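> Just a sequence and a predicted model for now, questions to come.
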Amino acid sequence: MRRPVDELDTPLLQRWRGYFGIHDWIDPFRFYVEYEDASRNNSNYAPDTRDVNSQEILQAIAELYWDDALGGGRPLRVQAGRMAFEYVDRRLLARNEWRNTTNNFQGFRAILGEQRNDWQVDLLALKPVQRLTDEPDEAVHNQWFYGAIGDWRRWSSIVTLKHYYLLLKQQAEGSAVARDIHTVGLRGYGARGKTGLDYDAQLIAQFGSDGPRDHEARAATAELGYTFDHDWKPRLAGFFGYASGDRDPNDASNERFDRLFGFARPWSSRDYIQFENVIAPKKRVEFQPHADVRVDVGWSWYWLASDTDKWSTTNLRDPSGQSGSNMGQEFDARVRFKLGSHTDVAVGYAHFWPGEFTQNQCRDRYSDFFYNEISPRFLP
């Protein structure tokens, strides 16, 4: 649905990574470097930054680390440089491992505490890095991304709370308008003892300005799962996601939720759907027939939250709302397994049926997506 014509495309994506780090030896100073080379061959389309990013330093981090700076075994880490990481269930801030190229940032990060502590706070002051296919990547000079993310653990045996405040600040430059997008969220997740029940839910509010328009948007996600007491660990789960859309492109307010730097894989295996202007229920089945084999199958339905706003990944829009709101539905299945101790393999398939909006706006034919991933690691 992202392409202007119906045809078969069979690209071969390649991604090479190398990582080197120094820690513990000369504490409090630590250093990390990660290299990436992403390329695409055998495609019908010109290279783009979704798939191609030649010979880049993905991470180059200088860090000061104090093991017990805050007492009680709670460390403090202060980092500077270029970095890539994931937060907030990856829907707002992700490396984006599914795409061939990777999100990263340049700036400063402070981490108070760690996963084993009862609380942790992460502070961010970063510039997003603009990916370029054949030239050195560079920081987006007119943008800053700030964040404060706090985890509160073990205050309850069944829930962890995550509070966060994120600010995307963009200065007007060229065709880019001035933007101040404030994001405030609360997430709760956990498992209900040994009952097999698990859950994850969050509420998100956005406010600020988007050029001459006010920005006011909302989003929410909720998932409930149950794992059966069986050797295969079968899990049934139901998910519901919502992100508001813009009601009127000509008024003084923009209600379209901004997904910031999240990735689309949780919404659609084929990256058709993003965390913007969407209502998306989903059901999923997962099981593990062998220690090294995992299988998951899902079925998703998609509607525009506002039928007068666009479908983000395709830029299709009917400002009149007469084309309907049903984008379609998707079936997906994936098998992941290991070949030896150093190679991971994934084989997947997804089928998309167009809904009323899609049929009226672009095409009424279904589409199929098949993929095979092979990921060897040359060092343990």
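Sure, I can see it.
> rest of the way, CA atoms for contacts and neighbours
OK.
> roughly how far apart are the spatially most central residue of the chain and Val78?
Residue closest to the average C-alpha location in the chain (Cα atoms, centre = their mean): Phe263, at 2.6 Å. Per Cα to Cα, to the nearest Å, Phe263 is found 26 Å from Val78.
> Same question for Lys338.
Taking Cα to Cα, one finds Lys338 at 36 Å from Val78.
> what's the answer for Tyr45, then?
Distance of Tyr45 to Val78, computed by Cα to Cα: 42 Å.
> These two: which is more packed in?
Val78 (19 against 11; other Cα atoms under 10 Å).
> In this structure the more buried one contacts Gly107, no?
No. Using Cα atoms under 8 Å, Val78 makes no contact with Gly107, being 11.0 Å away.
> Find the residues that touch each one of the two.
With contacts defined as Cα atoms under 8 Å, 6 or more residues apart in numbering, no residue is shared by Val78 and Gly107.
> Which residue is the nearest non-sequential neighbour of Lys169?
The shortest distance from Lys169 to any non-neighbouring residue, by Cα to Cα, 6 or more residues apart in numbering, is to Asp180 (4.7 Å).
> Can you name the residues bridging to the one you found?
Lys169, Ser209 (DSSP bridges).
> Just give the number of residues close to it.
Residues contacting Asp180 under the criterion other Cα under 10 Å number 20.
> Pull the contacting residues for it.
By Cα under 8 Å, 6+ apart, the contact set of Asp180 is Leu167, Leu168, Lys169, Gln170, Gly208, Ser209, Asp210.
> Quick one: list the elements packing against the least confident helix or strand in the chain by mean pLDDT.
Across the helices and strands of the chain, mean pLDDT, DSSP states H and E gives its lowest value to helix 356-361, namely a mean of 93. Helix 356-361 sits against strand 326-338, with contacts defined as 3 or more Cα pairs under 8 Å, 6 or more residues apart in numbering; DSSP states H and E.
> for the strand it packs on, packing partners?
With contacts defined as 3+ Cα pairs under 8 Å, 6+ apart, strand 326-338 has these neighbours: strand 293-303, strand 343-354, helix 356-361.
> out of the ones you listed, nearest to Glu86?
Ranking the helices and strands packed on strand 326-338 by proximity to Glu86 (Cα to Cα) places strand 343-354 first, at 21.1 Å.
> tell me the angle of the closest one relative to strand 293-303?
Angle between the axes of strand 343-354 and strand 293-303 is 20 degrees (criterion: axes from the mean of the first three to the mean of the last three Cα atoms, to 10 degrees).
> Describe which strands strand 343-354 pairs with in its sheet and in which direction.
Strand partners for strand 343-354, identified by DSSP bridges, are recorded as strand 326-338 (antiparallel), strand 367-376 (antiparallel).
> Can you tell me which of these is nearest to Val129?
With Cα to Cα, the closest approach to Val129 among these belongs to strand 367-376: 25.3 Å.
> if we look at that closest one, which residues are touching it?
Identification of contacts with strand 367-376 by Cα under 8 Å, 6+ apart yields 1, 270, 342-353.
> Any chance of CSV for those residues, columns pLDDT?
Output for those, formatted as CSV (pLDDT from 0 to 100):
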residue, pLDDT
Met1, 75
Arg270, 85
His342, 92
Thr343, 95
Asp344, 96
Val345, 97
Ala346, 97
Val347, 98
Gly348, 97
Tyr349, 97
Ala350, 96
His351, 96
Phe352, 95
Trp353, 95
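> Next, give me the two most distant ones among the residues you listed.
Taking Cα to Cα as the measure, the contacts of strand 367-376 span a maximum distance of 37.0 Å, between His342 and Trp353.
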